[in-house]
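Student: What shape does this take:
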Amino acid sequence: MLDLIILILHFFVCFLISVAIWRRPKAVDLHSSSTGRAEKEPEGLIFIGKEEDIKKSQRITAKIDGREIVVFYHEGKFHALDSRCYHEGGPLFRGEIEDIDGQACIVCPWHKFKITLETGEGLYEGINPLEPSPTPKWQSKGVKQRIHKVTIDNGNVYVSPPDLSVSFDSDYFADKYKNGGDLALEK
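Tutor: Just a heads-up that it's a prediction; the model follows:
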């Protein structure tokens, strides 16, 4: 009975934390254009924003054909990935960036899942129980999060449209929140 009460309290606290995250004010402008949508460029690239603006804010979100993405500027590099975590759809644009084993990773604010900015790999800390004195080591779960190619041209930041012929775990939540889904980015 005590276990049931603890479990219910845990879910209630998680619910309250989720509500607090969703109601928190925005740190950056979510859209780079007045229409609220990214603009297509002639070469097929999609304009996201001005390079200097993104460098200042360190991150910006945009939509590509209804798909929410986030562009991070970290340690001199731009990285773009789906804005929703592959695990449970957490808002990666609100996550912190940490260095894990020499790799820049976004940490999902909901469940602390770690995703490399460079490749979209999910990382976890595990042990090999067959070792005499096992020590935790960072290991890859494989590529879980869709990343998007970023191009800088003449002070503008562009993203290539996603290649949907290959699927990733994050596609489920990208589709779920597409075009103003249940819990789309706050406007």
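
Student: Pull out the buried positions in the strand or helix carrying Phe173.
Tutor: Element membership for Phe173 (DSSP states H and E) is helix 171-176. For helix 171-176, a neighbour-count test (16 or more other CB atoms under 10 Å) marks 171, 173-174 as buried. In short, each C-beta sits where N, CA and C put it, glycine included.

Student: Check stretch 136-155 too.
Tutor: Buried, per 16+ other CB under 10 Å, within stretch 136-155: 143-148, 150-151.

Student: Return stretch 132-141 as CSV; C-alpha atoms alone will do.
Tutor: In CSV, the C-alpha atoms belonging to stretch 132-141 read as follows (Å, rounded to 0.1, in the frame of the first residue of the first chain):
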residue,chain,number,x,y,z
PRO,A,132,36.4,-7.8,-12.1
SER,A,133,35.6,-4.3,-10.7
PRO,A,134,33.1,-2.8,-13.2
THR,A,135,33.2,1.0,-13.6
PRO,A,136,30.5,2.9,-15.4
LYS,A,137,31.4,4.0,-18.9
TRP,A,138,29.4,6.1,-21.5
GLN,A,139,28.0,3.9,-24.3
SER,A,140,25.9,4.6,-27.4
LYS,A,141,22.4,3.4,-27.9
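
Student: How confident is the prediction for Asp171, by pLDDT?
Tutor: pLDDT recorded at Asp171 is 95.

Student: Sorry, slip of the keys, the one I care about is Glu43.
Tutor: pLDDT, Glu43: 76.
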